[in-house]
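J.: give the three-dimensional model of this entry:
(one chain, ligands or ions: 1)
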Amino acid sequence: MKRNVLAVLTAVVCLCSVMSRAQAPAAQPLTAMPYSPSLDVTSLDRTVDPCVDFYKFTCGGWMKNNPIPADQAAWSVYAKLANDNQQFLWGVLEEDAKLTKRTAVQQKVGDYYAACMNTSAIDALGDKPALPALETVNALKTRSELIAALPRLHHQYVGAFLFNSGTGQDAVDSSLIVVEVGAGGLGLPDRDYYLKTDDKSVKLREQYVAYIQKLMTLAGETPEQAKADADATLKIETALATASLTRVQRRNPHNTYHMMSIAELTALAPSIDWPDYFKVQGAPGIAKLNVSQPDFMKAVQAELANEPVEALKGYLRFHMLTAAAPYLAHPFEQANFDFFSTTLRGTPQMPPRWKTCVRAVDRNLGEALGQEFVARTFSADMKAKTQTMTVQIETAMQHEIETLDWMSPETKQEALRKLHAIRNKIGYPEQWRDYTRLEVKPNDYFGDALRSSRFEDARRWAKLGKPVDKNEWGMTPPTVNAYFNPQMNDINFPAGVLQPPLYDPKEDDAPNYGNTGSTIGHELTHAFDDEGRQFDAKGNLRDWWTAADAKGFEDRINCIRDQYAGYVVVDDIHINSKLTSGEDVADLGGTLLAYIAWQKQTAGVKLTDADGFTPDQRYFVGMAQWACENSRPENLRVNALTDPHSPGFARVNGVVSNMPEFQKAFGCKAGQPMVHTPSCRVW
Ligand SMILES: [Zn+2]
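T.: Sure thing, here's the model as predicted:
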């Protein structure tokens, strides 16, 4: 994955505290996508020596010219493009909401958007839409009643209820879809938030407890009851967090693969009637499943057996309400925003309502809205050009594998087999998802959100027993991001990430290969990073490395881990390079592969200087300018714990300081900061 999407996912709420809902936002819908070039000289800071701090040299101007908007936790070239995509779709949705003659797709997205924009109807309902869920919990009298209700709560309502369940590809046989039960049940973004004892973490837990109390009081609980529910929630979540694997542990796919029979799962958590549980989810009679974290399920059992029933009920009520809050009346939405966006990430203001609603449609009807986006922004020519670039970068990877001096012929053969099996997915799905069975009403925002969630749940459970759908995408077309999926063995580039300034049809090859080419190379390198390399050409978890080659790889990636551990994210918090090493090696490999592809593409062509840069320099400036960013310190603290990506400055300086190609282009000398010793290289 190219960037952290967490900030976008948690900021699903709207309107700032100082702005009334009636007030019109200042921005207007975009009628065309704005243009900025893939190499932008106004983003440079030429007072900085590129051999001392290449990130600042290429992005210093951008950082000065682009302060963080009040509704954002961070601001970056990627975030700005995502915002442009949303502002463009705003106009499309305004139209789709009002048209009298509409296609089925326009009806769904237009009505969903209209329901979200109707804040007077939403406010008038207060917390009424959440009451059926809360009453279901309140009606539970005994421990056995509560435990027996869990399958139905998981099936019917949205929320983190102790653990997660769903379906996914079997890690060892990727042609099979299997049931998975995994860790979950937390309100804070990571297990570490519950376990760290520094002052900031202690204070944050107090603020979390205060948020729970606020929300429960808004829903009509007495202050005493709200306090009891908040204390119970923190206690239960701390127990679950203690039993959860760390993010670094979860990066090793062997740690989360434990195929079991129902009897074995029952031995871990005997309180739950598992055959009934899976029957209710729509998967009756399954014989085995992956229990990704067996110790976690023991903790779930301990909580269900030992916590007072009233404490468990308080925990469930809170999770129902916090999941519902963004779709309820303004005070609920505001309380949710105040904690998750302001306290946690430092964002001062809610986004304008249109932005909240465009994001909601993208989240729940992404492949319907995506059709509207692709038709207007992604030409056949752009698709063809980026497809060609992808093939060229794969050819560069083939050359790299063939000429590696540290890898044996046997391992190389397997690596090439894997490379040749990778499927390239560019722009949008070949077949669009069918939303016919999802009912969308123009005046029922909460209902639309709940029905969407159930629709998505049913879609996932229905995969059981069917062949894997290789056409499926994990991101929507307007998304400004890309990903590699190790089990599908495919690389995916939504239309949203193939727009200026990232891919710029008006610019020549140098900055485009530097920027989008490096992104393509980044995703491709994920197939061979410390996590991806454990999967084979079929997407199966299988060790295809000789022991000596595996050691050769680990020695080389440890060079990168040591280098990045030296960078500071914020305060005195260093990069957790065991968490980021997959992304770090993808950044380095991607930049190198795109450079090789660009050289081959332009071989024999007389390239000229421009803007005071040689062609090689323009390649590297184009590469670096994808990463320009500003971030609030609160947001950096969350990222340091949760984000597998390094901060922008490290993603640029960490890469170029390992590349003699860069050092030659800018005349950097040994001893300067952009010359890392030893020079790390994996691929
Ligand atoms: Zn990545």
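
J.: CA atoms for contacts and neighbours, from now on please.
T.: Fine.

J.: for the protein, which residues are neighbours of the ion?
T.: 1, 2, 583 (C-alpha under 5 Å from the ion).

J.: assign the spatially closest residue to the last one that is not a sequence neighbour to helix, strand or coil.
T.: The shortest distance from residue 583 to any residue other than its chain neighbours is 5.7 Å, reached at residue 645 (C-alpha to C-alpha, 6 or more residues apart in numbering). For residue 645, the secondary structure call by DSSP: H, G, I helix; E, B strand; the rest coil comes out as coil.

J.: ok, now which ones touch residue 645?
T.: 2, 3, 4, 580, 583, 584 (C-alpha atoms under 8 Å, 6 or more residues apart in numbering).

J.: okay if I get those residues as TSV plus pLDDT, distance to residue 373 and neighbour count?
T.: Conversion of the contacts of residue 645 to TSV gives the following (pLDDT from 0 to 100; distance: C-alpha to C-alpha, whole Å; neighbours: other C-alpha atoms under 10 Å):
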residue	pLDDT	distance to residue 373	neighbour count
2	79	21	19
3	78	21	19
4	75	22	16
580	98	32	24
583	98	29	24
584	98	31	27
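
J.: host element of the closest residue to residue 431 other than its chain neighbours?
T.: Using C-alpha to C-alpha, 6+ apart and skipping the chain neighbours, the partner closest in space to residue 431 is residue 471 (7.1 Å). Of the helices and strands defined by DSSP states H and E, none includes residue 471.

J.: so residue 471 versus the ion, what's the distance?
T.: For residue 471, the distance to the ion equals 21 Å [C-alpha to the ion, to the nearest Å].

J.: on that earlier part again, what's the distance between the residue nearest to residue 583 and residue 575?
T.: Look at residue 645 and residue 575: by C-alpha to C-alpha, to the nearest Å, they are 9 Å apart.

J.: wait, what's in contact with the residue in the stretch 251-400 of the chain that the ion sits nearest to?
T.: The ion sits closest to residue 251 of the stretch 251-400 of the chain, with a gap of 13.0 Å, by C-alpha to the ion. Neighbour list for residue 251: 531, 579 [criterion: C-alpha under 8 Å, 6+ apart].

J.: strands of the stretch 251-400 of the chain, start to end?
T.: 259-261, 288-291 (DSSP state E, counting those that start in this stretch).

J.: how many residues are close by residue 412?
T.: 19 (other C-alpha atoms under 10 Å).

J.: and the strands in the chain?
T.: Ranges of strands in the chain, per DSSP state E, are 74-76, 163-169, 177-183, 259-261, 288-291, 423-427, 483-485, 490-494, 568-570, 573-574, 629-631.

J.: taking this structure, what residue is nearest to the ion?
T.: residue 1 (3.1 Å).

J.: can you tell me which of the contacts of residue 645 are in helices?
T.: Of the contacts of residue 645, the ones assigned to helices by DSSP state H are 580, 583, 584.

J.: from residue 56, how far off is the residue lying closest to residue 62 once chain neighbours are set aside?
T.: The spatially closest residue to residue 62, leaving aside those adjacent along the chain, is residue 43, at 4.1 Å (C-alpha to C-alpha, 6+ apart). Distance, residue 43 to residue 56, using C-alpha to C-alpha: 10 Å.

J.: which one of these two has more residues nearby?
T.: Set side by side, residue 43 and residue 56 show more neighbours around residue 56, with 24 against 20, by other C-alpha under 10 Å.

J.: returning to what we had before: who's in contact with the residue nearest to residue 431?
T.: With C-alpha under 8 Å, 6+ apart, residue 471 has these contacts: 429, 430, 431.

J.: can I get the residues you listed in TSV with pLDDT?
T.: Below are those laid out as TSV (pLDDT from 0 to 100):
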residue	pLDDT
429	97
430	96
431	96
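
J.: buried subset of those residues, written for ChimeraX?
T.: A single ChimeraX command selects the buried members of the contacts of residue 471 (16 or more other C-alpha atoms under 10 Å):
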select :429
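
J.: from the ones in helices among the contacts of residue 645, which is closest to residue 476?
T.: residue 583 (21.4 Å; C-alpha to C-alpha).

J.: ramachandran coordinates for the residue nearest to residue 431?
T.: Main-chain dihedrals, residue 471, degrees, to the nearest 10: phi -80, psi -10.

J.: with the one 4 residues further on instead?
T.: Main-chain torsions, residue 475, degrees, to the nearest 10: phi -130, psi 150.

J.: same deal with residue 286?
T.: phi -70, psi 150.

J.: so for it, what's the pLDDT?
T.: Looking at residue 286, its pLDDT is 96.

J.: for residue 16, same thing?
T.: What the model reports as pLDDT for residue 16 is 36.

J.: check contacts around residue 277.
T.: Per C-alpha under 8 Å, 6+ apart, neighbours of residue 277: 150, 151, 152.

J.: try it again at 6 Å.
T.: Shown in contact with residue 277 (C-alpha atoms under 6 Å, 6 or more residues apart in numbering): residue 151.

J.: quick one, helices of the stretch 301-450 of the chain?
T.: 309-324, 330-337, 344-345, 353-364, 366-377, 380-403, 409-421, 445-461 (DSSP state H, counting those that start in this stretch).

J.: burial count for residue 466?
T.: The tally of other residues near residue 466 (other C-alpha under 10 Å) stands at 10.

J.: phi and psi next, for it.
T.: Per-residue torsions, residue 466: phi -110, psi 160 (degrees, to the nearest 10).

J.: how about it: what's its closest non-neighbour residue?
T.: That would be residue 177: by C-alpha to C-alpha, 6+ apart, it lies 7.4 Å from residue 466.

J.: what pLDDT does that neighbour get?
T.: 98.

J.: on that earlier part again, surely the residue nearest to residue 62 is in contact with residue 59?
T.: Yes: the pair residue 43 / residue 59 is scored as a contact, 5.4 Å apart, by C-alpha atoms under 6 Å.

J.: just the CA atoms of stretch 311-318, as CSV, please.
T.: Output in CSV follows, covering the C-alpha atoms of stretch 311-318 (Å, rounded to 0.1, in the frame of the first residue of the first chain):
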residue,chain,number,x,y,z
ALA,A,311,-20.3,-4.6,32.7
LEU,A,312,-20.6,-6.6,29.5
LYS,A,313,-23.9,-4.9,28.7
GLY,A,314,-22.3,-1.5,29.2
TYR,A,315,-19.4,-2.4,26.9
LEU,A,316,-21.9,-3.6,24.2
ARG,A,317,-24.0,-0.5,24.5
PHE,A,318,-21.0,1.8,24.1
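
J.: quick one: the helices in the stretch 151-300 of the chain?
T.: 192-195, 199-218, 223-243, 247-250, 262-268, 274-281, 294-306.

J.: contacting residues for residue 488?
T.: Applying C-alpha under 6 Å, 6+ apart to residue 488 gives the contacts residue 539.

J.: oops, could you answer that again for residue 110 instead?
T.: Taking C-alpha under 6 Å, 6+ apart, one finds 93, 96, 97 in contact with residue 110.

J.: quick one, phi psi at the closest residue to residue 448 other than its chain neighbours?
T.: Nearest residue to residue 448 in three dimensions, chain neighbours excluded: residue 440, at 5.6 Å (C-alpha to C-alpha, 6+ apart). Backbone torsions of residue 440, given as degrees, to the nearest 10, read phi -120, psi 130.
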